[in-house]
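# Provide a 3D model corresponding to the input given below.
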Amino acid sequence: MRKSLIKCVALLLVVLLTTMSPVAEAAKQNLSVAYGTTYVVLYIDQKETFLNGEEVVLDVATTVIDGRTYVPAKFLGEAFGMKVEWNDKTRKITMETPKHSIVFDQFNKTVDVNGVAHPFDEVAAIKNGRLMLKLIWLAEFTGATYNYNHELRRVDVMYVNKPASIYNPESGNSKPVAKFTFAKPSYKLGEPIKYVDLSYDPDSEGGAKYKWEGREEAYFKAGTYPITLTVTDVKGNVSEPYTRDITIVDEVYLSKTEYPIYTQPVGSYIKTNWTMLYDSFLNLPVLEKKVTEDYSRPLLLSDSPETVEEHGILYQDKVSGKARLYASHMNGTDELLEFSIIARNMTDKSVTITTTNKGEVFPSIYALLIGNRATVDFMLNDPLNEQMVIPPGETFVYKKFPDFYPGQGVNVIYDVETSGEVEFTFAAAAQASASAILKLPKLPFNGHIRGTFPITTFNWDIDVSEQGLESPKVLIFGDGKSAPFQLGYDPLRDVETKDSGNYGGVYKIHSDKPGRMAIMILARGGPFKGAFKINGEIRNVPESGVLTAFDGMRILAKTTGKEESLDIEFSPPAGSAFPITMIFYPLDDRAQ
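Prediction:
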C-alpha cells in the first residue's frame, strides 16, 4: 500500500513540476541586467493571485498548516527567477536560489540545504501533488520580505531581483550574454524558422561560439519546443543559458518532402529513403517532348574491346564531311602503350581535316573521372579551328597519347570536318609509325559498343512553363525507352549495332518561358559523375566524388520563372552507370 502511494505521489510531482507554471515563460525569457522588485499578492485558500499586478490562477491555493502560511514552491520560486525542477533520476525536487542549492526528498522526508539536512515536514508539505513551502522559511533562503493582512487573509510578498554578475575576475573581462528571439510568435509545420540573434559581448571582442540545443530549421509536428542558446567568448567565458519556447501550429506550410526542395540551394543533396523515392519520385510521369535528331554529323564510336589486352586496331571507318570521333578504352596489358587515331587520305587530292571541338583528358586509372572530364571539356565548346592537311594517299597521325600506362583509361571526343574522304583508325600499340599501325590486326569485338551511328544531337523540346508543369515530372536518360538507343553499323563485323546509352551524343533540351522550379538529378543505375550545361553554365554532378541513389537527389538548378527560356545540354559520360532521372519540380511563392 505504501509503495503504491509513493508511486502515485511521484507521478503527481512529475506531472505538476514539469508543467510550465504561469510565470515560467516570463522568468526564462527575460535577462535581467538591473535590480527590480517582484511583487506577489497571495490570498489564503484562494487560487487567484497577482504577479506584478497581473492576475494569475494557480493550481493550488496558498494555505495555512499548523498556524503557518505555506505557499506554492514552483510558482513563487519562478516568480523570483529561480529554478524549481523535478529530477526524474533521483526522484527529488531541486530549487536554486542566489545563495543556496536546496534539494527536497519527500520520500526520505529530508530537505538538503547546501549539504545540510533538515526535516522535510518542518518546512514543506505536499498539497494536491504540489510542493508547498513554509513562507517564513522560504523568505529566509531567498531574501524575500512579506506582510500578512489578517483582515483580508492576504500575504504581500516582495523580492528584489539581483542579477548575477557577468564579470569574471579570473579572465579580467565579462561573460557574453546569450539572447535571441523569433521573427514571429508562431510557425506552421515545415515553415522555415527565422532566428533573430540578440546576443552580445560587453567587451566587444568578437569571435564568439554559439551552442544551440533543440534548434531546428523547421518542425513537422505541432507543439511547443524549448530552444536554448549558450555563447562562449574568445577568452573562454561562457554565458548563462538562454531559453525560449517556439510554438508550432497544426497547419502545413511545407511537407517533409517539399521542405528541402524549396529551401536548399543549388548543389545540395536531398537525402531520401527508398520508400520516399518510390512513392514520390520514381513513379512520376514522364514529360512529353517533341524530338528532332541531327543527322548531319555521324558518330564513330570505339569502345570494343573496351579493355585492350593486345596491340591492334580497335575500330576503323571512313568519313567524308562532318563527323564525331569518340573513343573510350582501358590498357589491360602489362606494358606502356600509345593510343592513336590515324587519318588516311583516301583520295587523289590533298584533304584538310578541321577540328572544330574537342574533349580530351590525359590517361588515368579513374574511369569515372576521365569520362566526366572529357565530356566537360567537350561541352565547353571553346572556339577551335585546328587544321591538318594530308597529301593524296598519305597517312598521318591525327591524335596520339604516348603515355598510356597499364590500368589507365582514355576518353576522347573530336568534332571534325574533312574536305574529302578520310579513313580514321583507332589503335593501341607500342611505339609505331602511322603506316605500321595500319598493318596491325583488327582486334575482335568483345561485347561493348562499337560502330558508326547516324545521330550526334538529340533535340528535345519540352513545356515546363507555369501552365505546362503543374505537377512534378521527369526526363529519363539511358533507359532505352524514354530515350531510345540509336542503331548503327559496324563495318569491321558487317553487322547492325546499338549505342546502348547514346554515348557520344548530346541531348539539347529546350523550353520557352520556364516556370519557377527546382531541377534535380537522381542516379538510379549506379555511380554517376556527369556534367550539365544550364543556360550556358556548366554544372558538375557532383563537384567531387560520385553520385549514387544512396546519396539521394542532387539539386541541379532552380529557375525563377522570369527566364525567357531554359536550355539544358547533356552528354552521357563514359564510365558512369545509367539510367539517371532528371526531375522537374514546380515551386510556388514559398520558395526562398
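
# any idea how far Ser419 is from Tyr326?
Between Ser419 and Tyr326 the distance, using Cβ to Cβ, to the nearest Å, works out to 22 Å. C-beta: built from backbone N, CA, C; applies to glycine.

# neighbour count winner among these two?
Tyr326 (29 against 17; other Cβ atoms under 10 Å).

# and the residue of the chain positioned farthest from its centre, how far is that from Asp490?
In the chain, counting by Cα atoms, centre = their mean, Glu151 sits farthest out from the average C-alpha position, at 66.8 Å. Distance, Glu151 to Asp490, using Cβ to Cβ: 112 Å.

# check Asn385 too.
Separation of Asn385 from Asp490 (Cβ to Cβ): 31 Å.

# please say which of the two ends up with more neighbours.
A side-by-side neighbour count of Asn385 and Asp490, using other Cβ under 10 Å, places Asp490 first with 19 against 7.

# bridged to that one, which residues?
Listed beta-bridge partners, Asp490: Val495 (assigned using DSSP bridges).

# just the pLDDT for it.
Model confidence at Asp490, expressed as pLDDT, equals 97.

# show me the contacts for it.
Residues counted as contacts of Asp490 (Cβ atoms under 8 Å, 6 or more residues apart in numbering) are 445, 450-452, 496-497.

# please repeat the previous calculation with a cut-off of 7 Å.
450-451, 497 (Cβ atoms under 7 Å, 6 or more residues apart in numbering).

# burial count for Val376?
Val376: 19 surrounding residues under other Cβ under 10 Å.

# that one and Ile555: what is the separation?
Counting by Cβ to Cβ, the gap from Val376 to Ile555 is 19 Å.

# again, but for Leu547
12 Å.

# ok, now Asp45?
64 Å.

# of the two, who's got more company?
Neighbour totals were compared for Asp45 and Ile555, and Ile555 leads with 22 against 9 (other Cβ under 10 Å).

# now do the SS call for that one.
strand (DSSP: H, G, I helix; E, B strand; the rest coil).

# what residue ranges in the stretch 1-150 of the chain score low on pLDDT?
Under the criterion of pLDDT under 70, the regions of the stretch 1-150 of the chain flagged as low confidence span 1-35.

# could you pull out the helices for it?
2-18, 24-28, 73-79, 120-123, 135-142 (DSSP state H, counting those that start in this stretch).

# where does pLDDT dip in this protein?
1-35, 162-172, 273-280, 592.

# got the domain ranges for it?
The record's domain parsing of the chain by automatic domain parsing lists 2-161, 167-252, 259-294+457-586, 304-448.

# end-to-end on the longest one?
The first and last residues of domain 259-294+457-586 sit 13 Å apart, counting by Cα to Cα, to the nearest Å.

# next one: it to chain centre, how far?
20 Å (Cα atoms, centre = their mean, to the nearest Å).

# same question for the shortest one.
On the basis of Cα atoms, centre = their mean, domain 167-252 is displaced by 22 Å from the centre of the chain it belongs to.

# and if you look at stretch 142-158?
Worked out by Cα atoms, centre = their mean, stretch 142-158 lies 58 Å from the chain centre.

# stretch 146-160 too?
With Cα atoms, centre = their mean, you get 58 Å for stretch 146-160.

# please verify my assumption that Gly526 contacts Ala577.
Yes: using Cβ atoms under 7 Å, Gly526 is in contact with Ala577, at 3.0 Å.

# okay, now the closest residue to Asn540 other than its chain neighbours: neighbour count?
Once flanking residues are discounted, Asn540 sits nearest to Ala531: 5.2 Å by Cβ to Cβ, 6 or more residues apart in numbering. Ala531: 20 surrounding residues under other Cβ under 10 Å.

# 19 is where my numbering starts, stick with that
Let's use 19 as the start, then, which means that last one is Ala549.

# how far away is Ala549 from Asp479?
Distance of Ala549 to Asp479, given as Cβ to Cβ: 22 Å.

# and if you look at Ser529?
Ser529 is 7 Å from Asp479, by Cβ to Cβ.

# these two: who's more crowded?
Remark: of Ser529 and Asp479, Ser529 carries more neighbours, 23 against 14, as counted by other Cβ under 10 Å.

# quick check, that one in contact with Trp478.
No: applying Cβ under 7 Å, one finds Ser529 not in contact with Trp478, separated by 9.3 Å.

# nearest spatial neighbour of Ile371, skipping sequence neighbours?
Met406 (4.6 Å).

# isn't there a strand covering that neighbour?
Yes: under three-state DSSP, Met406 sits within a strand.

# number of nearby residues for it?
So Met406, with other Cβ under 10 Å, has 17 neighbours.

# repeat that for Thr265.
Neighbour tally, Thr265, other Cβ under 10 Å: 14.

# from Ser346, how far out is Val430?
Taking Cβ to Cβ, one finds Val430 at 8 Å from Ser346.

# go on, Thr265?
On the measure of Cβ to Cβ, Thr265 and Ser346 end up 58 Å apart.

# what do you get for Ser437?
28 Å.

# run a quick neighbour tally on Gly350.
Neighbours of Gly350 (other Cβ under 10 Å): 16.

# show me the contacts for it.
325-327.

# cool, Thr577 as well?
Thr577 sits next to 532, 534-535, 584 when contact means Cβ under 7 Å, 6+ apart.

# could you redo the last one with a cut-off of 10 Å?
Listed by Cβ atoms under 10 Å, 6 or more residues apart in numbering, the contact partners of Thr577 are 482, 529, 532-537, 552-553, 584, 602, 604-605.

# give me the spatial nearest neighbour of Ile455, chain neighbours excluded.
Ala445 (4.8 Å).

# give me the phi and psi for that neighbour.
phi -150, psi 160 (degrees, to the nearest 10).

# identify the bridge partners of it.
If you apply DSSP bridges, the partners that Ala445 bridges to are Ile331, Ser358.

# how deep is it tucked in, by neighbour count?
Ala445: 28 neighbours (other Cβ under 10 Å).

# next, Ser368: phi, psi?
Dihedral pair for Ser368: phi -60, psi 140, per degrees, to the nearest 10.

# ok, it touching Gln405?
No: applying Cβ atoms under 10 Å as the test, Ser368 and Gln405 come out as separate, 11.5 Å apart.

# shared neighbours, the two?
Ser437.

# more neighbours: those two, which one.
Set Ser368 next to Gln405 and count neighbours by other Cβ under 10 Å: Ser368 wins out with 13 against 10.

# okay, the contacts of Thr577 in CSV with distance to Asn399 next?
Listed next are the contacts of Thr577 as CSV, based on distance: Cβ to Cβ, whole Å:
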residue, distance to Asn399
Val482, 24
Ser529, 21
Pro532, 22
Gly533, 28
Arg534, 28
Met535, 26
Ala536, 26
Ile537, 21
Ile552, 14
Asn553, 14
Leu584, 18
Phe602, 25
Pro604, 30
Leu605, 30
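
# could you write me a PyMOL select line covering just the buried ones among the residues you listed?
Buried residues among the contacts of Thr577 (16 or more other Cβ atoms under 10 Å), as a PyMOL selection:
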select buried, resi 482+529+532+533+534+535+536+537+552+584+602+604+605
